[in-house]
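**Q** sequence and computational prediction follow.
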Amino acid sequence: MKDLRSENDNLSPWRKKRAMLTEQLMEDALKELIKLEAKIDYKTVCNMMEKLASNEHKEFNALIKSSAISKNQIYKNMVSIAKEKAKSFGNKQQNYKTDGDKQLEVFQLKTVIAKKEAKIKELESIIDRANIVTNNFSTFNNLSDQINFKSILNDLVDFTIKDGSAFIDSVGNLVTEDNHNILISKRIIDTLEVKA
């Protein structure tokens, strides 16, 4: 099978296409599981995705494992939404559609808020570990001996990659997953010997 990633140094179009195909395939798999009134969990979703996958899905590595779903908030939300839909379809004597939609919306918002709060706390702890005690730029140079930049950058690189909000591109820069802006350049990563 041809690896399309080799045709594009940036990988941006390939990654976007893969993400789109994965989400579309997962959505189709969830609809099929709901229609079949089957159990909905990460494993059954992956199995159904494999059954429904076209050659294009396979070509772009759109098939994922259950561990990938558990690490991705979007995929986790899609599975949760499908589970809620399956519950409401399964209980035909009571109509939960309106209430269920509202509850689902609240659940999604709480998930987003919790994720943002967790990110903020982690980044705050990284800043705290940096031991920066002044906001005065003129004294910043004097602090350079007290601040462990290598440790801070290692923490930031590790956190953003694990969180899925950034990745190391083909050049070696740390870039954002959504719009591919450079967060930390390869030169800085190499200079401080950051483990990427």
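**A** Thanks, I have the structure now.

**Q** okay, and residue 46 sits in which element?
**A** Using DSSP states H and E, residue 46 falls within helix 42-52.

**Q** can I get the CA coordinates of that helix in CSV?
**A** Taking C-alpha atoms only, helix 42-52 is exported to CSV below (Å, rounded to 0.1, in the frame of the first residue of the first chain):
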residue,chain,number,x,y,z
TYR,A,42,-14.7,1.4,22.3
LYS,A,43,-14.0,-2.2,21.2
THR,A,44,-17.3,-2.7,19.4
VAL,A,45,-16.9,0.7,17.7
CYS,A,46,-13.5,-0.3,16.4
ASN,A,47,-14.7,-3.6,15.2
MET,A,48,-17.6,-2.0,13.3
MET,A,49,-15.2,0.6,11.8
GLU,A,50,-13.1,-2.2,10.5
LYS,A,51,-16.1,-3.9,8.9
LEU,A,52,-17.3,-0.7,7.3
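
**Q** show me what it is in contact with.
**A** By C-beta atoms under 8 Å, 6 or more residues apart in numbering, the residues outside helix 42-52 that reach it are 25-26, 28-30, 32-33, 38, 57, 63-66, 69-70, 79, 82. In short, each C-beta sits where N, CA and C put it, glycine included.

**Q** try it again at 7 Å.
**A** 25-26, 28-30, 32-33, 38, 63-66, 69-70, 79 (C-beta atoms under 7 Å, 6 or more residues apart in numbering).

**Q** got a PyMOL select line for the buried ones in these?
**A** Buried residues within the contacts of helix 42-52, by 16 or more other C-beta atoms under 10 Å, are selected in PyMOL with:
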select buried, resi 25+26+29+30+33+63+64+66+69+79
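
**Q** show me the shaky parts of this structure.
**A** 1-11, 89-101, 123-124, 126-149, 194-196 (pLDDT under 70).
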